[in-house]
Structures are given as structure tokens and as C-alpha cells.
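Trainee: The following comprises the amino acid sequence and a computationally predicted model.
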Amino acid sequence: MPRTGGGEVAPDGSPVPVYLAIPAERGFGPVLDHLAAGASVLDLGCGVGRLANALAARGHEVVGVDESQGMLAHLDDAVAAVEASIEELRLGRRFDAVVLASHLVNVADPVQRRAFLDAVARHLAVEGTAYIEHWSPDVIGGLADGDGPIGDVMVRFRVLAQRGRVFDASVTYELDGRAWTQAFTAELLDETQLDTELAAAGLRRRRRLDPKWLAARMG
Ligand SMILES: C[S@@+](CC[C@H](N)C(=O)[O-])C[C@H]1O[C@@H](n2cnc3c(N)ncnc32)[C@H](O)[C@@H]1O
């Protein structure tokens, strides 16, 4: 039986040791492939820098934003770390690319979702690209329970309740004999709803990069 957790946990329940153990760059392939060389990047909810550190190593100017100091402590020196809530963020500048990863856009609270997308739009250059990772009803495919490894981390996903497209779930991460459980509520977003929500924030779909990632721009 794994011991309970340990190490720092972000306010949203994300365990820092787990994100340090998940391979850097994993899941970010579509962004890395699409991003223009030399683009300045704002990584919203950057965690320990799985993307931000990789981008800085490739020569991008990167600002990483997270509400967890425990996460930000693992950013490389080349990444500018900003401890802030995404909703409140006002950096007073715009970036060639803004990343909203980790399905943050699927938050069930429509006010918070709008605040996330407003933060993206507020910091995106006129010709810039926003990269948004989301769950659509297709991707999550029936919302099944499932277990599987991500690197050295065993991930156990459980659907606790479902109300239409809104669901309560828990994810248990096991690593080195320790376990952390993170519970959350999320809303699946289909293409039409996502486009409507993007438009409300002054954004519009540019292209779909894969089933989870879409690129958007101002307008
Ligand atoms: C699931 S982790 C993923 C981190 C990183 N994007 C990755 O893929 O490795 C989500 C991160 O978003 C941060 N986060 C969640 N909600 C936030 C908010 N409202 N403002 C700032 N950071 C937030 C958490 O602290 C956590 O580090």
C-alpha cells in the first residue's frame, strides 16, 4: 500500500514531486512543432516548467506563471517566474505565444474559464498564437476509469459523478511508494462551445493541432 503523498502540493492539488517525475515536454509535441523559432512565450500554469524550461533551453524568451511557489522553484534561471493567479495576471505586455495547458480551460466554473481566456487574450500579441489544451467530449471518449503509467508515475483516473458534460473525477498518482489523490470537477467542451467561449474573450480558432491542442489568435 503506497504511503500518502509528501512534498509540496499546489493549491489546485497538483503534487510537485509528481510533476518533477513526469517527463519534460511530454504532451507538448504539437506546441513545440508549431511554435515559431524565437517566439516569446507566456506559459500560464507552468508548474515545474516541463514546457517552460524546454523552451528556454531552445532560446525562447519565456515567462512562467503559477500560483504555486513550490512549482515555480523548479523553473530554470532562464525562465522569468511570476507567482500569480492567472485570472488576476496583468503583466502589461504581450507575447508571440501564450500557452494555457493542462485542461485549465475545462474548469467547470464558466466565470473562471472566461477569466482564464481573458488572461490569454490580454497577453497575446495581435499576430500571436494562443495554444489551448482541452478535453472535448470526443477526446475523453465515454469518461471511462483507467490506469496507466506516465514515465515513472502510475496514474489512476476515476470518474466519481457525471451531470451532462460536467464530471467529478479523481486522479491518484503513485510514485516511489507514495500516492497523492487530486479531485477536480471539469466540463467537456465541444467545438461549438469552445469557439463561442473563445469569441467572448476576443479570440478565434486558427487551427486544430491535434485532438487536444488548438491554436487560436486574436480576432
Ligand atoms: C496540472 S499542473 C500542470 C503544470 C504544467 N502545465 C505541466 O503540464 O507540467 C497545473 C498547474 O497550474 C497551476 N494553476 C492552476 N490553477 C491556477 C491559477 N488559477 N492560477 C495560477 N496557476 C494555476 C497549478 O499550481 C499547477 O502548477
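Mentor: Looks like it arrived, so ask away.
Trainee: List the backbone torsions phi and psi for the residue lying closest to Ala200 once chain neighbours are set aside.
Mentor: Using C-beta to C-beta, 6 or more residues apart in numbering and skipping residues adjacent in sequence, the residue nearest Ala200 is Arg114, 6.4 Å away. C-betas here are computed from N, CA, C, even on glycine. Dihedral pair for Arg114: phi -60, psi -40, per degrees, to the nearest 10.
Trainee: Name the SS class of the nearest residue to Asn53 once chain neighbours are set aside, please.
Mentor: Counting by C-beta to C-beta, 6+ apart, Asn53 lies nearest to Asp76, which is 4.6 Å off, once chain neighbours are set aside. Secondary structure state of Asp76, per DSSP: H, G, I helix; E, B strand; the rest coil, is coil.
Trainee: How about the secondary structure of the residue of the chain found nearest the ligand?
Mentor: When scored by C-beta to the nearest ligand atom, the chain has Gly47 as its residue closest to the ligand, at 2.6 Å. When classified by three-state DSSP, Gly47 comes out as coil.
Trainee: For it, what are phi and psi?
Mentor: According to degrees, to the nearest 10, Gly47 has phi 60, psi -140.
Trainee: helices and strands of this structure: which one bottoms out on pLDDT?
Mentor: Least confident element among the helices and strands of the chain, by mean pLDDT, DSSP states H and E: strand 3-4 (a mean of 70).
Trainee: Now do the strand or helix carrying Glu174: everything it contacts.
Mentor: Secondary structure assigned from DSSP states H and E places Glu174 in strand 166-175. Taking contacts as C-beta atoms under 8 Å, 6 or more residues apart in numbering, the residues outside strand 166-175 that touch it are 2, 15, 17-18, 21, 108, 143, 152-162, 179-188.
Trainee: do the same with stretch 74-86
Mentor: With contact meaning C-beta under 8 Å, 6+ apart, stretch 74-86 is reached by 16, 20, 44-46, 48-49, 52-53, 56-57, 62-69, 72, 89, 91, 100, 104, 115-116, 119.
Trainee: For ChimeraX, what selects the buried ones among the residues you listed?
Mentor: Those of the contacts of stretch 74-86 that count as buried under 16 or more other C-beta atoms under 10 Å are selected in ChimeraX with:
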select :16,20,44,45,46,48,49,52,53,56,62,63,64,65,66,67,68,72,89,100,104,115,116,119
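Trainee: shouldn't Ser68 be in contact with Ala10?
Mentor: Yes - using C-beta atoms under 8 Å, Ser68 is in contact with Ala10, at 3.6 Å.
Trainee: Touching both of those two, which residues are there?
Mentor: With contacts taken as C-beta under 8 Å, 6+ apart, Ser68 and Ala10 have Val16, Gly47 as neighbours in common.
Trainee: As a check, name the ranges of all helices in the protein.
Mentor: Ranges of helices within the chain are 16-21, 29-34, 52-57, 69-72, 110-122, 137-140, 191-200, based on DSSP state H.
Trainee: Dump those helices to TSV, plus distance to Ala84 and mean pLDDT.
Mentor: Output for the helices of the chain, formatted as TSV (distance: least, C-beta to C-beta, whole Å; pLDDT from 0 to 100):
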stretch	distance to Ala84	mean pLDDT
helix 16-21	18	96
helix 29-34	22	96
helix 52-57	14	97
helix 69-72	10	97
helix 110-122	10	98
helix 137-140	29	75
helix 191-200	22	95
